[in-house]
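**Q** give me a model of this one.
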Amino acid sequence: MPYTPFEIQNIQQLARSKELNNNLLAFELIRARGIVPALLTDVYWLFNRFIWEKRPGGIQDTKQQLKTFLQSISSTAAIVPLLKQPWGLRPMLHPVFEGNLEDSIFDLRLLAKLLFEHFGAINAPIKSFLFRFGSAKVQAQLLPLLKVRDHSGRTLLDLGGLKLQEVPTIILHEKNIQVLKLWDNELTTLPDFWDKFQLLEELNIAENQLKALPPSFMKLSKLRKLYAQNNFFDVATILNTVQQFPKLKRLRVTSSIRTLDNYSDEDYQTLRKFEELVEQGKINAPEKEQLLIWGLHMNNAEALQSLQLIDLFDALSDYNPTTRKKAKQAILNWPNAVFNGSIPPDASIAILGMVSFSTRSKLQQVEHFQYTTEINASTTHIVIGDYPENYNAIKNRAFIFMTEEDLWT
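**A** Take a look at the predicted model:
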């Protein structure tokens, strides 16, 4: 006996309810009476609903029953057996419908809407196959659902993990986005339309098969963060491109898992240095400043050996506290200048920079060695404080370098 319009409406209301018991009742009613095209989307929605249901117990049996039910109607409903994916079972549409989804008997927009209403924070599988296999019309309907606000309130469009082979031009409808994620796709090239995205601050194109960036990429004047690891970029080309972005504050071209990189050891080290220069705002700095970053932040011995002692003293006034800390440590470990733990009676100590008031008070009470606040002809030891001045004399002869804590050991 066919359904009446009133019966279909009631079943749909039960299926789309946020109450799980109503969803289960809808499924049992459909299974008892059979499926019709008007209810197909609801059955498909219920399957996704049950996949993500967190409540333990009999729901697992219902999932299996619904899976079997969907497979039994695959010839008429254009559903093939459900495939296993890392996050669980993912429904896939039959390939014959890949380019013609808007003409199928699924109400795709409703299906996506229901999934995102119930599981907005979850990476619902529906997103992947709808955007990947859908026509431009389907993609246009789904695109607003993929746009969210990130933790800082910026507009974010997430097309990551969809296995796209090209970036759809439909995203030009969202050219006011500030964050765009295209990670983990199958992109070999990028379209040359980046001059349209004048508000873009962050771009993630990691885990693709890209070798170069298009000319219009240079027009991303507000780009602050670029994640591009696990691609196949030519090193010289990517470095030249990145140097055109003076506001860039974060760059990732190399992978944190070394075995995933597609670069030689030499290229890897070059790229790592470049990433750190971007991080420290020194991408266009003089060679000496770049050597400091390379030597101090990346612990590169060759770069440190290229520096002079006075270069490290210059770094003690750097705006970056990590640079100052590492420069101080490098000075304290300078060859033939390491404090051995004892101060000889004839020592003459110069304090360079700011130290604590208690240290200065204690020094004034000590009688067996001299101290000054600047280097003179008799200075043998130097206590390194914060932001030292008048340190040019260190170039003339050798000293022992100390911290103020060393004075009381």
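
**Q** pop the domain breakdown of this structure in here.
**A** 1-93+101-121, 336-408 (automatic domain parsing).

**Q** and the gap between Thr372 and Gly34?
**A** 98 Å (CB to CB, to the nearest Å). Heads up, the C-betas are built off the backbone N, CA and C, glycines and all.

**Q** show me which of those two is the more surrounded one.
**A** Thr372 (14 against 11; other CB atoms under 10 Å).

**Q** tell me who's in contact with the closest residue to the more buried one other than its chain neighbours.
**A** Sequence neighbours aside, Ala350 is the residue nearest to Thr372 in space, at 5.2 Å (criterion: CB to CB, 6 or more residues apart in numbering). Under the criterion of CB atoms under 8 Å, 6 or more residues apart in numbering, the neighbours of Ala350 are 371-376, 379, 381-383.

**Q** using the three-state scheme, assign Ala350.
**A** strand (DSSP: H, G, I helix; E, B strand; the rest coil).

**Q** related to what we said a few turns ago, ok, of the domains of the chain, where does mean pLDDT dip lowest?
**A** Ranked by mean pLDDT, these end with domain 1-93+101-121 at the bottom, a mean of 64.

**Q** residue ranges in the stretch 101-250 of the chain under the pLDDT threshold?
**A** 101-130, 133-134 (pLDDT under 70).

**Q** quick one, helices of it?
**A** Residue ranges of the helices in the stretch 101-250 of the chain, as given by DSSP state H, counting those that start in this stretch, are 108-118, 126-133, 136-142, 235-242.

**Q** quick one: contacts of the last one?
**A** Under the contact criterion CB under 8 Å, 6+ apart, helix 235-242 has outside partners 212-213, 217-218, 226, 228, 248, 251, 253, 263, 267, 270-271, 274, 278, 283.

**Q** quick revisit: who wins for neighbours among the contacts of Ala350?
**A** Ile382 (25 neighbours).

**Q** picking up where we left off before, I'd like the contacts of Ala350 as TSV, with secondary structure and distance to Ile331 appended.
**A** Output for those, formatted as TSV (DSSP: H, G, I helix; E, B strand; the rest coil; distance: CB to CB, whole Å):
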residue	secondary structure	distance to Ile331
Tyr371	strand	19
Thr372	strand	19
Thr373	coil	18
Glu374	coil	17
Ile375	coil	14
Asn376	coil	19
Thr379	coil	15
His381	strand	13
Ile382	strand	9
Val383	strand	11
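
**Q** do you know how far His297 is from Pro344?
**A** From His297 to Pro344 the distance is 35 Å (CB to CB).

**Q** and the two? which has more neighbours close in?
**A** Taking other CB under 10 Å, His297 and Pro344 do not tie; His297 has more neighbours (19 against 12).

**Q** which residues touch the nearest residue in space to that one that is not next to it in sequence?
**A** Spatial nearest neighbour of His297, excluding adjacent residues (CB to CB, 6+ apart): Glu276 at 5.2 Å. By CB under 8 Å, 6+ apart, the residues touching Glu276 are 293-294, 297-298.

**Q** measure how buried Gly160 is and give me the count.
**A** 18.

**Q** again, but for the one 3 residues further on
**A** Lys163 has 12 neighbours, counted by other CB under 10 Å.

**Q** what's Arg360 in contact with, if anything?
**A** Contacts of Arg360 (CB under 8 Å, 6+ apart): Ile351.

**Q** same question for whatever helix or strand it lives in: list its buried residues.
**A** Following DSSP states H and E, one finds Arg360 within helix 357-365. Residues of helix 357-365 classed as buried by neighbour count (16 or more other CB atoms under 10 Å): 359, 363.

**Q** now it, how far from the centre of its chain.
**A** Helix 357-365 has its C-alpha centroid displaced from the chain centroid by 48 Å (CA atoms, centre = their mean, to the nearest Å).

**Q** how far away is the residue nearest the centre of the chain from Ala32?
**A** Ranked by distance to the mean C-alpha position of the chain (CA atoms, centre = their mean), the top residue is Tyr227 at 6.3 Å. Distance, Tyr227 to Ala32, by CB to CB: 51 Å.

**Q** same check, this time on Pro5
**A** 18 Å.

**Q** quick check: Ile349 touching Gly385?
**A** No. Applying CB atoms under 8 Å as the test, Ile349 and Gly385 come out as separate, 11.9 Å apart.

**Q** what is the neighbour count of the nearest residue to Ala136 once chain neighbours are set aside?
**A** Distances taken as CB to CB, 6+ apart place Ile170 nearest to Ala136, at 5.7 Å, with adjacent residues excluded. By the criterion of other CB under 10 Å, Ile170 has 16 neighbours.

**Q** pretty sure Ile170 contacts Leu142?
**A** No. The criterion here is CB under 8 Å, and Ile170 misses it with Leu142 at 9.4 Å.

**Q** rewinding a little: in contact with the residue nearest to the centre of the chain: list those residues for me.
**A** 183, 203-206, 250, 252.

**Q** and the residues you listed, which two are the farthest apart?
**A** Within those, Trp183 and Arg250 form the most distant pair, 14.6 Å apart (CB to CB).

**Q** out of the two, which sits in the busier spot?
**A** Trp183 (20 against 13).

**Q** what about Lys325, which helix or strand?
**A** helix 321-332.

**Q** please compute how far that helix lies from its chain's middle.
**A** 28 Å.

**Q** quick one: list the elements packing against that helix.
**A** helix 309-315, strand 381-384, strand 400-402 (3 or more CB pairs under 8 Å, 6 or more residues apart in numbering; DSSP states H and E).

**Q** no more questions from me, cheers.
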